[in-house]
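Enquirer: Dropping a prediction and its sequence here:
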Amino acid sequence: GAVVSQHPSRVICKSGTSVKIECRSLDFQATTMFWYRQFPKKSLMLMATSNEGSKATYEQGVEKDKFLINHASLTLSTLTVTSAHPEDSSFYICSARETTRSSYNEQFFGPGTRLTVL
Amino acid sequence: LAKTTQPISMDSYEGQEVNITCSHNNIATNDYITWYQQFPSQGPRFIIQGYKTKVTNEVASLFIPADRKSSTLSLPRVSLSDTAVYYCLVGEGSNTGKLIFGQGTTLQVKP
């Protein structure tokens, strides 16, 4: 149980285009999902907290107009990288929190999406 | 947010027990301590979580002293497949569930 999927696993796009990444909790409901980005050989950096039915909360320094987050259902959150540039190339990872669990801050992570902007 | 400090890297050999210590001096009263494992180009995988004393599951043990200012992840009899980055995280302390990743410890298991 507690599986999180991401789609696509890899995407290559041209500079200036927008890319949407989906994060799904497959066998549980997630009122809260989180989006991270990770550069090579670096740690994960939290970008934003996605709450079902409400606006996302962005971490300091993360442009909300650049990284659009939508959490329309209890099993799906999407991250759209708008007007992508080469510096947006990174590994994007989502996680979902199953709030019914007693370990309140146990998160289940997706496999990640490798974005390459040419 | 409680900050964590871990060794950047560790080396071990197959079959040995590995202990990775993490310090979290500013841990809040209601924070849990969670350890994740990450392989290259994959999302982190939950290993173990604890609040105090000792927790053991099928893959690891977690030792937490009474003051909770540090914790030690213990991996018994590591194999080559345990080569990965290990992250120690402390919860934000509120109910948001936010986790802030530190630098992690790169464990290299040698044959």
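Expert: It's in. As the structure is a computational prediction, the values presented were derived from the model and not from experiment.
Enquirer: Tell me how many other residues crowd the residue nearest to residue B:39 when sequence neighbours are not counted.
Expert: Excluding the flanking residues, the one nearest residue B:39 by Cβ to Cβ, 6 or more residues apart in numbering or on different chains is residue B:84, at 5.1 Å. Where C-beta positions appear, they are placed from N, C-alpha and C, glycine not excepted. A total of 21 residues lie near residue B:84 under the criterion other Cβ atoms under 10 Å in any protein chain shown.
Enquirer: contacting residues around residue B:84?
Expert: Contact partners of residue B:84, counting by Cβ atoms under 8 Å, 6 or more residues apart in numbering or on different chains, are B:37-39, B:106-107.
Enquirer: Could you rerun that using 6 Å?
Expert: Shown in contact with residue B:84 (Cβ atoms under 6 Å, 6 or more residues apart in numbering or on different chains): B:37-39.
Enquirer: for the worst-scoring helix or strand of chain A on mean pLDDT, packing partners?
Expert: Lowest mean confidence among the helices and strands of chain A (mean pLDDT, DSSP states H and E): strand A:107-109, at a mean of 89. When contacts are defined as 3 or more Cβ pairs under 6 Å, 6 or more residues apart in numbering or on different chains; DSSP states H and E, strand A:107-109 sits against strand A:90-97.
Enquirer: The strand it packs on and chain B in contact?
Expert: Yes. Between strand A:90-97 and chain B, judged by Cβ under 6 Å from any Cβ of the partner chain, the touching residues are A:93, A:97.
Enquirer: If we go by neighbour counts, what in that strand is buried?
Expert: Using 16 or more other Cβ atoms under 10 Å in any protein chain shown as the test for burial, strand A:90-97 gives A:90-97.
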